[in-house]
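[1] Whatever this is, show me its structure:
(chains A, B, C and D)
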Protein chains: 2
Amino acid sequence: MVSIKEIAEKAGVSVSTVSRVINDKQNVNPEKRAKILQMVKATGYVPNRAARDMVMKRSFTVGIIIPMTFNMFQRQLFSDIEHHLEEFGYHSSFYFVAMSQESETACLRRLKGEKTDGVILLHEIELPEFHEYLETNDIPSVIATFEKEQWKATSIHISEKEAACAAVNHLIMLGHKEIALICGKRYSFGNQRWQGYMNALEAAGISYDEKNVVFVDSYSIPDGMAGMKELLDRKLSFSALFAITDELAIGAMRYLEDQGYHVPGDISVVGCDDIEISSYTIPRLTTIRQPVSEMGHMSVSMLHSLITSESKMNVNIALPFTLIERESTAKPKKAKLLP
Amino acid sequence: MVSIKEIAEKAGVSVSTVSRVINDKQNVNPEKRAKILQMVKATGYVPNRAARDMVMKRSFTVGIIIPMTFNMFQRQLFSDIEHHLEEFGYHSSFYFVAMSQESETACLRRLKGEKTDGVILLHEIELPEFHEYLETNDIPSVIATFEKEQWKATSIHISEKEAACAAVNHLIMLGHKEIALICGKRYSFGNQRWQGYMNALEAAGISYDEKNVVFVDSYSIPDGMAGMKELLDRKLSFSALFAITDELAIGAMRYLEDQGYHVPGDISVVGCDDIEISSYTIPRLTTIRQPVSEMGHMSVSMLHSLITSESKMNVNIALPFTLIERESTAKPKKAKLLP
DNA sequence: CTGAAAGCGCTTACAG
DNA sequence: CTGAAAGCGCTTACAG
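    Here you go, the predicted structure:
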């Protein structure tokens, strides 16, 4: 592979000068610059990243911490982030981490070796050492899509509690009083959305009944099916469901269909997130839209300013969400679903 | 950040020795080794990747070339690949590339600077220079999920033609004779699956009629809706559809539902790929399953052996696919769909 | 505007 | 088993 030294020789200048033109610095004789550029082109020279990173003690890359089993919402988010990162001239390095201590430790270890300029967290890492490392080394970090006040990091998110509340409110406005919930306790947003559900009921004077709520292990479609099965098996009466993620809602609708129930005729369902597929399910899913692309864009620009500016102040930004009414919700039938 | 030199000083040895124990080489006094390991632990030392990469002239990372707008099938594939790469001790560097020359050029440029040990292609890059670069620099590369004989690379794929043929055959076996096709010309597999469709018809003695086929720009759900609209607008009669990807099929089903048609009552539909969501759509989609995780696993191990062994022989591996019969296909109704 | 020189943090013959 | 030394390909004061 051709090196800066070779270019210098071919162009009859020193490596310092070559370095200057490669990095667009001022003060280079135009003719020499032209000559150098010509040699670069002729040889197909591209600076060696490793050497550059080493001497500059930075890598121009930002780490994206993402769950191994990222869901569709996160998939959209990270595409956006990656895209904007490139615009800002960063490379991105993905750190897929599983739900295990070893995996988190491995992630930390890798982070230490790579000297990323900053990190964007799409995943809640538990390992305390991880956060200590970021803090003590002043590594700029932004949390995309959730809120974690204990962490010293800028965070971009919607108000999970209010979003959940809005979803449930939509059901209440429609006239529903018996509203089931499929929820989970993994990650902060699980608890926050659960909280929002309770707040909405309370504000409407409907008493909270834990019989109507099921907690599932994760937030995938199969979990949604399992959750709905559990709910149906309890033989209780409800006319609507709030599933705290779209995937959960899709699973629930699938199970309802299997059992011969009609959505929204028999049961209304609302999800949360507005992943792509929710516009195409049968019926189309009513949900809360998170402003994914704004979140992605903002995460990157906040991180960039954290990296480049002097002020290392962390902010907490709550973006607005929107209720998207589609086909999976309707007024309750007069007759109750189950006697 | 603590460096190898510091560790050497604290342990009272030379950097050579520290390097030896860090890299698990033989011939180190057990006591010194213990002392060094202890210092490493105490300081939290992790070798600087950039320095290491530079001197070793390799990066221990493999590049994964993937379309900016990767679909759900590719998403599953690349999770698998990333996972296995880690098992083999590689890092992975994602190269998202859009459908434009600039994007492909940028990808090549970055590749040159990063000196990846190898690359896995999930995307058909057009730029000739790209392939020239891989070839002339003997960069091990494997194509995951499609076949491109012109490229000098190992490839792991299913026989696209036969897979499409099997999908259409399923429809024929069911008794369908008027089978529409939603297809695309982008990427080789588009043409190959189209070919498979024609082969199946021919083998069954059904004449190919281009009235029954529509070519869409890409392979997403909205494209599937558009394709089905076009087909319906033509007012022709058909009782079944083969959509060359599951996403296309899902879009087609969505549009059929919107127009009041019943799947599979009025029209049967088969997709291809078997992405996750296809098990949960209403109705569940009949499709051809590609063995994604085997493909991912195999891509990685083939690449690894290309990187480590002497023999740089490229192979072409066609893996078996499976027809997954679900709910979206059935025998045709007696009466034709449209008069 | 330009070049010689030092240094970044590692690995790897080489000599002992 | 171990250390001194060279070298990887860059950037960056520094002196001119």
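[2] okay, the residue of the stretch 51-200 of chain A found nearest DNA strand C: pLDDT?
    Minimum separation of the stretch 51-200 of chain A from DNA strand C (Cβ to the nearest atom of the strand) falls at A:Val55, amounting to 3.4 Å. Heads up, the C-betas are built off the backbone N, CA and C, glycines and all. On the pLDDT scale, A:Val55 is placed at 91.
[3] How is chain A divided into domains?
    A:4-47, A:59-158+A:292-320, A:160-290 (automatic domain parsing).
[4] Next, the distance between the ends of the last one.
    Spelled out, that is domain A:160-290. Terminal residues of domain A:160-290 are spaced 10 Å apart (Cα to Cα, to the nearest Å).
[5] does chain B sit close to that domain?
    Yes. Domain A:160-290 is in contact with chain B by Cβ under 8 Å from any Cβ of the partner chain, via A:Ile221, A:Met225, A:Ile250, A:Gly251, A:Met253, A:Arg254, A:Glu257, A:Glu276, A:Ile277, A:Tyr280, A:Thr281, A:Ile282.
[6] Lowest-confidence member of these, which is it?
    Least confident by pLDDT among the residues of domain A:160-290 next to chain B: that is A:Glu276, with 93.
[7] Tell me who's in contact with the residue lying closest to A:Arg110 once chain neighbours are set aside.
    Distance criterion Cβ to Cβ, 6 or more residues apart in numbering or on different chains; nearest residue to A:Arg110, sequence neighbours excluded, is A:Tyr95 at 6.6 Å. Under the criterion of Cβ atoms under 8 Å, 6 or more residues apart in numbering or on different chains, the neighbours of A:Tyr95 are A:Gly63, A:Ile64, A:Ile65, A:Ile66, A:Cys107, A:Arg110, A:Leu111.
[8] In strands, which of those residues appear?
    Judged by DSSP state E, those include A:Gly63, A:Ile64, A:Ile65, A:Ile66 as members of strands.
[9] now the strands for chain A?
    With DSSP E, the ranges of strands along chain A come out as A:61-67, A:91-97, A:118-121, A:141-144, A:154-158, A:179-184, A:213-216, A:240-243, A:268-270, A:287-289, A:316-319, A:322-324.
[10] most neighbours per residue, which of the domains of chain A?
    Among the domains of chain A, domain A:160-290 has the highest mean neighbour count (mean count of other Cβ atoms under 10 Å in any protein chain shown), at a mean of 21.
[11] that older thread, any idea what the residue nearest to A:Arg110 is bridged to?
    Note on A:Tyr95: beta-bridge partners by DSSP bridges are A:Ile65.
[12] Can you add distance to B:Asp217 and give the domains of chain A back as TSV?
    TSV is the format used below for the domains of chain A (distance: least, Cβ to Cβ, whole Å):
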stretch	distance to B:Asp217
domain A:4-47	34
domain A:59-158+A:292-320	19
domain A:160-290	17
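[13] between these, which gets nearest to B:His170?
    B:His170 sits nearest to domain A:160-290 of all these, at 22.4 Å, using Cβ to Cβ.
[14] ok so, going back, and which of the contacts of A:Tyr95 is nearest A:Asp266?
    Of all these, A:Asp266 sits closest to A:Ile66, with 37.4 Å by Cβ to Cβ.
[15] what ranges do the helices span in chain A?
    For chain A, helices defined by DSSP state H occupy the ranges A:4-11, A:15-22, A:30-43, A:49-56, A:72-87, A:101-114, A:128-136, A:160-174, A:188-203, A:221-233, A:246-258, A:292-308.
[16] Please name every helix or strand in contact with the longest one.
    In terms of contact count using 3 or more Cβ pairs under 8 Å, 6 or more residues apart in numbering or on different chains; DSSP states H and E, helix A:292-308 is assigned the packing partners helix A:72-87, strand A:118-121, strand A:141-144, strand A:154-158, strand A:316-319.
[17] closest one to DNA strand D among the ones you listed?
    DNA strand D lies closest, by Cβ to the nearest atom of the strand, to one member of the helices and strands packed on helix A:292-308: strand A:118-121, at 18.3 Å.
[18] Please identify the pairing partners of the closest one and their relative orientation?
    When DSSP bridges is applied, strand A:118-121 pairs with strand A:61-67 (parallel), strand A:141-144 (parallel).
[19] now those as JSON lines including distance to DNA strand C and mean pLDDT?
    Converted to JSON lines, these look like this (distance: least, Cβ to the nearest atom of the strand, whole Å; pLDDT from 0 to 100):
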{"stretch": "strand A:61-67", "distance to DNA strand C": "17", "mean pLDDT": "92"}
{"stretch": "strand A:141-144", "distance to DNA strand C": "22", "mean pLDDT": "94"}
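[20] Redo the ones you listed as JSON lines? Include distance to B:Lys161.
    Listed next are the strands paired with strand A:118-121 as JSON lines, based on distance: least, Cβ to Cβ, whole Å:
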{"stretch": "strand A:61-67", "distance to B:Lys161": "36"}
{"stretch": "strand A:141-144", "distance to B:Lys161": "42"}
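[21] need the contact list for the nearest residue to A:Glu126 once chain neighbours are set aside.
    Ranked by Cβ to Cβ, 6+ apart and with sequence neighbours excluded, the top spatial neighbour of A:Glu126 is A:Glu104, at 6.5 Å. Residues counted as contacts of A:Glu104 (Cβ under 8 Å, 6+ apart) are A:Val97, A:Ile125, A:Glu126, A:Leu127, A:Phe130.
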